[in-house]
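okay, sequence plus prediction incoming.
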Amino acid sequence: MLKVFLGVLFLIASSQGIVKSAQFFASTFQMSLISIGILITGAGSALPEIYFAIASAKKNATWLILGDLMGAVIIPATLVLGLVALISPFQISDPSSFLVARIFLIAAALFFYFSVRSGKRITRKEAFVLLFIYIVFLVAENLIN
């Protein structure tokens, strides 16, 4: 129980540190908090998924990769967002600031769907297209916000 308690305390402290750091970087680099959240915080939270996917790929455990990635998308979009709204309901005053992210999310999801459906695999060529979509997203997000 002590380890769990200490783990939760560490999680709370590190979360506060991430929020403070995001605010600091947003003001220092004169970027919007949305951009910091999408680009830096989002990339940082994806690092465990990247490591897990690479380790699973080396063991040829593709279902683990897909399950982890689907969970990594669905849990924050439903469970996390729902819990936050229960604790403190919020309003999105300008949904247009998420337009670029929504467009790229839909494009990546559609590309993934058709790639898996056509050959039931993602080839190196398709992997490069997914990476290209991400790079174009980063550039567009930085230019617009």
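Here it is on my side, so go on.

which element is the residue minimising distance to the centre of the chain on?
Among the residues of the chain, Gly42 comes closest to the average C-alpha position under CA atoms, centre = their mean, at 4.3 Å. Per DSSP states H and E: Gly42 is located in helix 42-58.

return the set of buried residues in the helix or strand that comes right after that helix.
The element immediately downstream of helix 42-58 (helix or strand, assigned by DSSP H and E) is helix 62-75. For helix 62-75, a neighbour-count test (16 or more other CB atoms under 10 Å) marks 65, 68, 72 as buried. Where you see a C-beta, it was placed from the backbone N, CA and C, and this is true even at glycine.

quick one: the helix holding Gly42 to helix 62-75, angle?
If you take axes from the mean of the first three to the mean of the last three CA atoms, to 10 degrees, helix 42-58 sits at 160 degrees to helix 62-75.

name the helices or strands packed onto helix 42-58?
helix 62-75 (3 or more CB pairs under 8 Å, 6 or more residues apart in numbering; DSSP states H and E).

what's the mean pLDDT across the helix it packs on?
Helix 62-75 carries an average pLDDT of 84.

any chance of the buried residues of helix 62-75 in JSON lines, plus distance to Val8?
Output for the buried residues of helix 62-75, formatted as JSON lines (distance: CB to CB, whole Å):
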{"residue": "Ile65", "distance to Val8": "29"}
{"residue": "Asp68", "distance to Val8": "23"}
{"residue": "Ala72", "distance to Val8": "21"}
